[in-house]
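[1] Kindly generate the corresponding structure for this input.
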Amino acid sequence: MSKRRFLGRLHSISHQKNIEVQVNIIEYKDEGIGYSYSPALDLIGYGSTQHEAGKSWEVVLEEYFKYTVNKKTLTKDLRNRGWIVRKGSKQFKPPALSWLLQNNNDLKEMYNKYDLQKTSKPIKVPLAYT
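    Numbering: from 1, shown residues only. Here you go, the predicted structure:
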């Protein structure tokens, strides 16, 4: 399976500053549909191929950033998902996959049910309103 680079970009806010963070992406197929899932963000994309699923995930990620930045809830939401966010130092650290497996029942079920491929992808987290 080819490696793809997922970049969540926020196009609607001018002069937006971002910080790059690595997140795990889990890819799998179920009944002929491809899925790309990020447990650290609990975001999923899907399509008839894995490539389409990855593109769908990018759209979902961008919409997630638009929504949380506009509502000024990005930092709070990331912390609720287990992220460590240090506002003063502008550090964002996603939860470890082992922590997510212990705390996310859907992810546990996914690991037990599907043949998964895990990769680590860089994303750009917007710094506005964090």
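[2] Would you list the phi and psi of Asn104?
    phi -130, psi 100 (degrees, to the nearest 10).
[3] same thing with the one 10 residues further on?
    With angles defined as degrees, to the nearest 10, Tyr114 shows backbone torsions of phi -120, psi 160.
[4] Is Pro122 located within a helix, as I assumed?
    No. Counting by DSSP: H, G, I helix; E, B strand; the rest coil, one finds Pro122 to be strand, located in no helix.
[5] give me the beta-bridge partners of it?
    Beta-bridge partners recorded for Pro122 (DSSP bridges): Gln22.
[6] Let me see the contact set for Ser56.
    Residues counted as contacts of Ser56 (CB atoms under 8 Å, 6 or more residues apart in numbering) are 36, 45-47. Yep, even glycine has a C-beta here, placed from its N, CA and C like the rest.
[7] Can you pull the poorly scored residue ranges out of the protein?
    Along the chain, the model assigns pLDDT under 70 to residues 1-16, 88-89, 128-130.
[8] which residues of it fall in helices?
    With DSSP state H as the criterion, the chain has helices at 50-70, 74-80, 97-103, 105-113.
[9] out of those, deepest packed?
    Mean neighbour count, computed with mean count of other CB atoms under 10 Å, is highest for helix 50-70 among the helices of the chain, reaching a mean of 18.
[10] Work out the gap between that one and the centre of the chain.
    Centroid separation between helix 50-70 and its chain, computed with CA atoms, centre = their mean, to the nearest Å, is 8 Å.
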